[in-house]
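Q: Sharing a model that was predicted from the sequence below.
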Amino acid sequence: MTYTLPTTEDKSNYVEEKFDEIAQKYDRFNDVITFGMHRYWKKFVVRQTGLRPDEECLDLCCGTGDISREILRQHPDCKITGLDFSAEMLKIAKSKNSVNSEIQYLQGDAMNIPFPDTYFHAVTIGYGLRNVSDLNTCLQEIFRVLKPGGVLVSLDVGKVRLPIIAELNNFYFFRVVPLIGNIMMPGQEMFHYLPNSTLKFPHQEFLKRMLLETGFKQAEIHDFIFGASTVHVAYKPTDN
Ligand SMILES: C[S@@+](CC[C@H](N)C(=O)[O-])C[C@H]1O[C@@H](n2cnc3c(N)ncnc32)[C@H](O)[C@@H]1O
C-alpha cells in the first residue's frame, strides 16, 4: 500500500479522527509491536519526573492513560491531569480509572493547553510530540505551563544510530508493524501512518537542540534499543 502523510493543515483533524477509530485496539497493538517493552519505558519516564507529594503533573497526549496511571502508582499523592483531544482514547482512559482515582482527564489541544502559565511541576508526553501538527508550538506551550525548575519528560520513537540495526528497525517498523495492524484492524490506514510519521520527526539530537532553543536547559537523551525508542528529559530554568 502506498501511503501519503496528511498535510500540516490536515494533520490535527486526521490524527484525532484516526486515534478515535483505533482506540479500542490501541493498547493491545502497543503491547504486541513493542513486545510489552513500552510499559518498562513508561515506568522509566515517570521515574524521571522526580515528583514530590502534592505536586501537579500533566500527562499530555495521554491517550488511554498508561502514563497517567503509572504516575498515580509511583506518586499517589500527586495531582494528575491527563489531556488528549481524542474522545475515544479518553473514554478508555476514564474506564480504567479506579473509583477513588486522583486522575482528572480532560479533552483539549496540546498546542493550546487550557492551563495558566507556570502551573505544573512536571509534564510527561508519550508518543505525542510526533503526532502534533506544530512541534514548536507544542514545546512552547509545555514550557509555558511548567513552573520554573519544572521538568518535561517525553517518550517517542528515535533514530537508530547503528546502520545495520537501523535497516532491521526500518524493515520491522515499515513492513511488519503495518501487517500486525492489518491483522488487528483490517484496512485501517493508521497503521501505515504510525511508521511514516517518524520520517518527519527530528533525530533525538535535533529534538534536544529544539528543546534548548525553546528555553529548556540541560536536556538529556536516554536511548533504548540502539535509539529506536528514546526519552528526553528537559528542565525549565529556575529563574524563568
Ligand atoms: C500514540 S498515542 C499515545 C498515547 C499515550 N500517551 C501512550 O503513550 O500510550 C498519541 C496520542 O496523542 C493524541 N494527540 C495527538 N495530537 C494531539 C493534540 N494536538 N492535542 C491533544 N492530543 C493529541 C492522540 O489523540 C493520541 O491519543
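A: Sure thing, it's come through.
Q: Show me which residues of this protein are close to the ligand?
A: By Cβ under 6 Å from any ligand atom, the residues of the chain that approach the ligand are 12, 15-16, 19, 30, 61-63, 66-67, 84-86, 89, 109-111, 126-128, 131-132. From N, CA and C alone the C-beta is placed, and that goes for glycine too.
Q: C-terminal to the least confident helix or strand in the chain by mean pLDDT, what's the next element?
A: Least confident helix or strand, the chain: helix 190-196 with a mean of 90, by mean pLDDT, DSSP states H and E. Counting by DSSP states H and E, the next helix or strand C-terminal to helix 190-196 is helix 204-214.
Q: Buried residues, that next one. List them.
A: 204, 207-208, 210-211, 214 (16 or more other Cβ atoms under 10 Å).
Q: related to what we said a few turns ago, name the residues that touch the least confident helix or strand of the chain?
A: For helix 190-196, the external contacting residues (Cβ atoms under 8 Å, 6 or more residues apart in numbering) are 1, 3, 5-6, 14, 18-19, 21-22, 29, 173-174, 177-178, 180-182, 184-185.
Q: what's the answer for stretch 15-28, then?
A: 6, 29, 63-64, 66, 85-89, 91-92, 131, 133, 184-185, 188-191, 193.
Q: Below-threshold pLDDT in this structure: ranges please.
A: 1, 99-100 (pLDDT under 70).
Q: now the helices for it?
A: 8-33, 37-48, 66-74, 87-95, 135-145, 163-171, 177-184, 190-196, 204-214 (DSSP state H).
Q: quick revisit: can you give the distance from the least confident helix or strand of the chain to the centre of its chain?
A: When C-alpha coordinates are averaged (Cα atoms, centre = their mean, to the nearest Å), helix 190-196 and its chain have centres 15 Å apart.
Q: same thing with stretch 185-193?
A: For stretch 185-193, the distance to the chain centre is 20 Å (Cα atoms, centre = their mean).
Q: can you pull the buried residues of it?
A: 188-193.
Q: Quickly list what the spatially most central residue of the chain is bridged to.
A: Central residue of the chain (Cα atoms, centre = their mean): Gly126, 2.1 Å from the mean position. Assessed by DSSP bridges, Gly126 has beta-bridge partners Leu155.
Q: Identify the residues contacting it.
A: Contacts of Gly126 (Cβ under 8 Å, 6+ apart): 42, 45, 59, 61-63, 66-67, 154-156.
Q: Closest one of the residues you listed to the ligand?
A: Nearest to the ligand among these is Gly63, at 2.4 Å by Cβ to the nearest ligand atom.
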